[in-house]
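>>> Pasting the sequence and the predicted model now:
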Amino acid sequence: MLAERARPSACGAVVKANAYGLGASAVARRLAAEGCRHFFVAQAEEAIAVRDAAGPASIYVFSGPLPETVAQLRAARAIPIVNHPAQLDAWPADAGAFAVHVDTGMNRLGFALPELAHLASRAGSIALLLTHLACADEPTHPRNAEQLARFAEAAARFPGVPTSVGNSAAIFAGASACGDIARPGIAIYGGNPFASEPNPMRTVATLDAAVLQLRHIEAGESVGYGATYRSRSPRLIATVGAGYADGVPRLLSNIGEAAFGGARLPYAGRVSMDLLAVDATEVEGRMAVGDRVELIGSTILLDEVAALARTIGYEILTGLGARGERRYVAS
């Protein structure tokens with residue numbers, strides 16, 4: 001879907017932060033098999049981690065070259081994204097191609113337009129010119145047009161150099177917002193690329209966990225740390241083997257929900273490091289120890305969890321704990 005939306009631009013993939021928590025090597029390997037030829041990571045270590053999976057594809061590194069990472073970048077055959085004149089100096093002239101980040105209004109990383117003159121002597125080694133839209137998740141925001149105009153001005157100074165603009169949301173704005181290589185991130189992993197529009201993507205990631213124990217409690221009994229949950233009537237409580245160490249936000253205490261057998265089961269009490277409890281009264285007789293409940297998936301949506309936790313889907317995914325087993329299913 002994203003590749004179709006990006007056409008005639010090529011569609012790359014952002015696999016930084018361990019592919020948004022889902023496993024960079026496995027994700028990159030599958031995307032490469034599907035024809036992806038451009039990968040974007042944040043750090044040199046990430047480029048090394050995905051090189052074997054990405055095959056001959058280009059790997060771009062957002063943080064750019066640092067004196068201590070030049071050797072790693074070269075070993076990974078990665079293309080650093082140079083963000084300012086000092087980084088240009090840090091990348092040896094014989095080290096090969098580099099990309100250039102142009103700051104068009106985000107005011108984070110990137111060359112300011114007046115600084116582009118520093119690139120004149122090495123323009124022949126520039127593999128890609130890119131920028132980042134601050135408000136792409138709000139398609140009608142006037143800042144988008146302003147940044148695209150500034151980037152067009154910058155790109156005109158480097159005729160023939162490929163460009164990259166479009167993140168997940170910008171891909172849906174059409175080719176003019178993509179550049180030659182689009183670089184979706186959150187949309188690949190099923191998150192909503194828009195701030196206030198329906199999610200056009202289907203669910204990709206599911207987090208589930210096993211029921212470790214079932215117990216009946218009487219009216220007035222409490223569950224979990226701080227006794228923040230007290231039952232108003234006899235209830236069946238399921239203790240589930242996942243907690244905030246696994247990426248379940250503690251902010252979901254007493255307000256989150258799990259799914260089992262078509263039912264939505266409310267959290268009962270605080271989410272702790274390794275455990276959480278749900279009120280399983282609705283599924284009594286159908287749930288057994290060892291059954292698995294959905295904490296994020298096709299019923300308990302990623303962005304629903306993020307909203308309850310007062311954050312965004314990006315943070316939920318990248319916060320998934322390392323100890324959870326990741327299983328990959330072809331669709």
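Yep, that arrived.
>>> what are the ranges of the strands in the stretch 101-250 of the chain?
Under the criterion DSSP state E, counting those that start in this stretch, strands of the stretch 101-250 of the chain are mapped to 126-130, 163-164, 181-182, 207-217, 222-223, 229-230, 235-240.
>>> Save these as TSV, and put in mean neighbour count and distance to Ile300 too.
The C-beta positions use only the backbone N, C-alpha and C, and glycine is treated the same way. Formatted as TSV, these follow (neighbours: other C-beta atoms under 10 Å; distance: least, C-beta to C-beta, whole Å):
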stretch	mean neighbour count	distance to Ile300
strand 126-130	21	35
strand 163-164	23	34
strand 181-182	24	30
strand 207-217	16	9
strand 222-223	18	20
strand 229-230	18	19
strand 235-240	22	12
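>>> would you list those in CSV and tack on distance to Ser272 and mean pLDDT?
Output for the strands of the stretch 101-250 of the chain, formatted as CSV (distance: least, C-beta to C-beta, whole Å; pLDDT from 0 to 100):
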stretch, distance to Ser272, mean pLDDT
strand 126-130, 43, 98
strand 163-164, 43, 97
strand 181-182, 41, 96
strand 207-217, 12, 98
strand 222-223, 11, 98
strand 229-230, 12, 98
strand 235-240, 10, 98
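>>> Out of the ones you listed, which gets nearest to Gly12?
The minimum distance between Gly12 and the strands of the stretch 101-250 of the chain falls on strand 181-182, with 5.1 Å, by C-beta to C-beta.
>>> strand partners of the closest one, parallel vs antiparallel please.
Counting by DSSP bridges, the strands paired with strand 181-182 are strand 10-11 (parallel).
>>> and the strand it pairs with, how far out from the chain's middle?
When distances are taken as C-alpha atoms, centre = their mean, to the nearest Å, strand 10-11 is centred 18 Å away from the chain's centroid.
>>> Identify the residues contacting whichever helix or strand comes after that strand?
Sequence order places strand 13-14 as the next helix or strand after strand 10-11, per DSSP states H and E. With contact meaning C-beta atoms under 8 Å, 6 or more residues apart in numbering, strand 13-14 is reached by 20, 27-28, 31, 36, 38-41, 167, 183-185, 188.
>>> Mind putting those residues into CSV with neighbour count, pLDDT and distance to Val240?
Shown next, in CSV, are the contacts of strand 13-14 (neighbours: other C-beta atoms under 10 Å; pLDDT from 0 to 100; distance: C-beta to C-beta, whole Å):
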residue, neighbour count, pLDDT, distance to Val240
Tyr20, 26, 97, 23
Val27, 24, 97, 26
Ala28, 25, 97, 31
Leu31, 23, 96, 32
Cys36, 21, 97, 36
His38, 23, 98, 40
Phe39, 29, 98, 35
Phe40, 27, 98, 35
Val41, 29, 98, 33
Asn167, 22, 89, 34
Arg183, 28, 95, 36
Pro184, 27, 96, 32
Gly185, 21, 96, 30
Ile188, 22, 96, 28
